[in-house]
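1. mind looking at a prediction? Sequence and model below.
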Amino acid sequence: MPLYKLEDFEPNYREIFGGDDVKALELYTEGGVRVGSVADALVDHDGRFRYLVIDTSFEGGNKKILLPIGLAHIHYSEKKVYVDGLSKEQVERLPEYRENIVVNEDYEENVRNVYHPPIGQLTNEQGTSGYQAPDLFELNAQDQQTFKLYEERLIASKNRVKTGEVTVGKHIETETAQVSVPLQKERVVIERVTPTTETVVNAQELHFQEGEVARIEVYEETPDIRKETVVREEVRVRKVVDSNTVEAEETVRREELDIDTSGNLDVNETNPPRDIAI
């Protein structure tokens with residue numbers, strides 16, 4: 001059965017695990033001894049984890065080995081992977097993993113023999129020799145299972161849409177205007193009055209003159225009508241923002257955890273769970 005590197009099988013694997021990256025974890029024994037770090041993971045054609053590729057750092061040299069996923073206990077919150085019973089001697093006996101190696105049945109058999117040595121020449125009760133029983137690839141799934149509870153949330157956002165347009169312009173209208181101008185006009189009034197009393201004029205002082213003329217200038221006002229342009233009014237155009245709150249109501253769903261137990265068991269629940277296993 002062919003195995004694939006995690007990123008080759010699913011380039012967006014980090015999104016599937018909610019942003020957690022198994023490659024960023026350190027490997028420790030249950031006793032707290034650092035073994036190395038996770039360099040990669042190998043999955044089968046169904047996407048199930050088979051091995052963690054461990055870059056070991058024991059004294060005496062470094063090499064990459066395969067750790068069956070069933071022996072790994074992953075704690076993303078601590079950024080650590082714990083492994084049961086991995087010793088320096090086992091690391092030394094494990095076949096080295098290299099990029100160009102094809103993980104075939106023979107290679108996996110060599111790996112399994114180190115973690116769980118075959119009974120070999122020993123025989124079981126039926127008298128047949130065989131491989132020791134624990135399944136290295138299902139143990140973790142049996143001991144630690146993780147599933148996610150989902151809930152729906154209302155997300156409020158705003159969109160700016162055009163609701164209309166106001167155009168302000170001007171045009172010309174005509175009308176007939178009237179104006180009154182009072183005018184004055186001079187005229188000459190000639191009055192011939194008979195004296196009420198006769199006055200004797202000295203003949204020696206009187207000089208009769210022919211062609212004597214009296215001149216009086218006469219004026220009148222004429223209208224001067226013209227047009228001038230003045231500012232009648234100013235029009236100011238501006239925008240104001242009115243605010244209001246829109247209340248939205250929608251039905252959302254949420255998954256809750258149901259725990260059913262049988263037998264006399266102690267079940268400890270933490271919220272939220274801190275340890276996540278693949």
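-> Happy to help now that I have it. Residues are numbered from 1 along each chain as shown.

2. switch to C-alpha atoms for all contacts and neighbour counts from now on
-> Will do.

3. quick check, Tyr28 in a strand?
-> Yes - the assignment for Tyr28 by DSSP: H, G, I helix; E, B strand; the rest coil puts it in a strand.

4. residues in contact with the longest helix anywhere in the chain: which ones?
-> Ordering each helix of the chain by length in residues (DSSP state H) puts helix 105-115 first. Identification of contacts with helix 105-115 by C-alpha atoms under 8 Å, 6 or more residues apart in numbering yields 66, 86, 90, 93-95.

5. chain center to that helix, what's the gap?
-> 49 Å (C-alpha atoms, centre = their mean, to the nearest Å).

6. can you pull out the helices in the chain?
-> Listed in chain order (using DSSP H), the helices of the chain are 6-9, 13-16, 88-93, 105-115, 139-143.

7. of those, which approaches Tyr76 most closely?
-> Closest to Tyr76 of the helices of the chain, according to C-alpha to C-alpha: helix 13-16, at 12.5 Å.

8. how close does Lys158 get to Val246?
-> 11 Å (C-alpha to C-alpha, to the nearest Å).

9. kindly report the same for Arg232.
-> 43 Å.

10. any chance of the helices of the chain in a markdown table, plus mean pLDDT and distance to Ala177?
-> Below are the helices of the chain laid out as a markdown table (pLDDT from 0 to 100; distance: least, C-alpha to C-alpha, whole Å):
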| stretch | mean pLDDT | distance to Ala177 |
| --- | --- | --- |
| helix 6-9 | 84 | 89 |
| helix 13-16 | 77 | 81 |
| helix 88-93 | 78 | 111 |
| helix 105-115 | 82 | 110 |
| helix 139-143 | 42 | 100 |
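
11. closest to Glu217 out of those?
-> Using C-alpha to C-alpha, the helices of the chain put helix 13-16 closest to Glu217, at 111.1 Å.

12. what about the stretch 1-150 of the chain, any weak spots by pLDDT?
-> For the stretch 1-150 of the chain, residues meeting the criterion pLDDT under 70 lie at 1, 58-61, 85, 117-148.

13. try 80
-> 1-2, 13-20, 24, 30-31, 57-61, 76, 84-92, 115-150 (pLDDT under 80).
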